[in-house]
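Q: take this sequence and fold it.
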Amino acid sequence: MKKLVQFNELVFNHTAYLDQQPDITIDFKNSKNTYANSHGDYSPERCTPRKVNSKQFDVTVMVDKNKFPCEDREVIEQFVLDNFFSVGRLWAIQGDILLWSLAKVLTVSEGYDEKRGYLSFTVSFYLSEGVWHIADETATYFDDYHQCDVTDCYAALERDLCDCCLCNIKLAPVKRCPPCKGKRLCDIPKNELIEVIGNCGNNKKISYSCCEQTATGETESEYDSNTAHLQFDGHTLYETEDVVLEICGTFTDLGITWNGQQSIVEGTYTGETVINAGLVKNNCNYLDIDKFHGDCVNNADCSDQDCGSKNPKIGVTGSNSGIVSWTVKKGMNNVILSGFKTNEIQTIKVFVGGIAL
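A: Below you'll find the predicted structure:
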């Protein structure tokens, strides 16, 4: 059972509260074809992770105008609506795990007086991805929120975007840059999470900032060695392709074996190289798409037409456009890299956006 706690800058149980928590259904995508002369259907989803459909559910949001000074009541109502008008993170707690999903509001009923001093809105949330992302423990902050200064709330909705390269992890909405204040999620014991944000009459607000974000996994190459091994826990409850690989150093024809899947970045590069959603960026320049491709190991991996003797390449599975796509699995993952300059020490980091259903 997921408990919704915040949408954008709107903290439930503070500025507004939910009449009751909604039922959120996991709806899997299914392919089926009825057998003509046998029992049942042909349904191919057997060995690969199941995919989910988008989600949609309704909630009733209440605003107690009696909690606010008379001069702020109309502003508070508009502030609630402005949050609903903006696409952003919908936060929830499931057990001791903090989750968020990219959400938009499809419909908002006209606010009406449920009883004297109360406004009631029926809101239809739409989660286009259908999955919930596990909150990054090093980029999620809990700020004190005893009283809402409306001016500060509006300022939070209009923050500048972060300019860090990891802002475009492909499934995440854009990151805003609030000050790094409050208590980080990684500093809160799991058994205290409900007490911090899920208590009745919440006094904390969730903020997301990449200013002190740390990698999911990190390693360095050894001096006089052109290879490096990165092993990391994916911190995901379900397989995900939301991953960024960052390499600082010099390499030539970098070979990457990601959980057994081989690929190569052609050419010689130095400085910071970021591979994000199948795109390769070296310092400020993006590489041509054909410089990063799957590496054909033997004829079992590709056809003779694709597997030339001079330049073996294969069509990469994953995305329709042929972009190399990596999968991070639950538990330990292994990445082997080769082609580094031997008289330098390279630094390798991986950032993963873990997901739950």
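
Q: Phe12 touches Leu18, doesn't it?
A: Yes. Between Phe12 and Leu18 there is a contact at 5.4 Å, judged by C-beta atoms under 8 Å. No exception for glycine: its C-beta is placed from N, CA and C like everyone else's.

Q: look up how far Lys205 lies from the closest residue in space to Ile26 that isn't next to it in sequence.
A: Distances taken as C-beta to C-beta, 6 or more residues apart in numbering place Leu357 nearest to Ile26, at 5.2 Å, with adjacent residues excluded. Relative to Lys205, Leu357 is positioned 26 Å away (C-beta to C-beta, to the nearest Å).

Q: tell me which of these two has more neighbours.
A: Comparing Leu357 with Lys205 by other C-beta atoms under 10 Å, the one with more neighbours is Lys205, at 24 against 11.

Q: what pairs with the strand or helix carrying the more buried one, parallel or antiparallel?
A: According to DSSP states H and E, Lys205 maps onto strand 204-208. The strands that strand 204-208 pairs with in its sheet are strand 140-144 (antiparallel) (by DSSP bridges).

Q: mind listing what's buried along the strand it pairs with?
A: Thr140, Tyr141, Phe142, Asp143 (16 or more other C-beta atoms under 10 Å).

Q: that older thread, so the residue nearest to Ile26 touches Thr240, yeah?
A: No. Using C-beta under 8 Å, Leu357 makes no contact with Thr240, being 11.2 Å away.

Q: so what sits against both of these two?
A: Common neighbours of Leu357 and Thr240, using C-beta atoms under 8 Å, 6 or more residues apart in numbering, do not exist here.

Q: any low-confidence regions in the stretch 151-300 of the chain?
A: For the stretch 151-300 of the chain, applying pLDDT under 70 flags the ranges 151-181, 197-202, 211, 295-300.

Q: give me that answer again for 90
A: The model of the stretch 151-300 of the chain has pLDDT under 90 over residues 151-215, 222-223, 241-244, 260-263, 274-300.

Q: ok, Ile275 touching Tyr286?
A: No. Ile275 is not in contact with Tyr286 according to C-beta under 8 Å; the separation is 10.9 Å.

Q: who has more neighbours out of those two?
A: Ile275 (23 against 11).

Q: report how many residues lie close to the residue lying closest to Thr270 once chain neighbours are set aside.
A: Excluding its sequence neighbours, the residue lying closest to Thr270 (C-beta to C-beta, 6+ apart) is Thr250, at 4.1 Å. Look at Thr250: counted by other C-beta under 10 Å, it has 18 neighbours.

Q: equivalent analysis for Asn33, please.
A: 9.

Q: in contact with it, which residues?
A: Asp41, Tyr42, Ser43.

Q: do Ala16 as well
A: Leu10, Val61, Met62, Val63, Val80.

Q: repeat for Asn66
A: Going by C-beta under 8 Å, 6+ apart, Asn66 touches Gly117, Tyr118.

Q: quick one: secondary structure of it?
A: With DSSP: H, G, I helix; E, B strand; the rest coil as the basis, Asn66 sits in helix.
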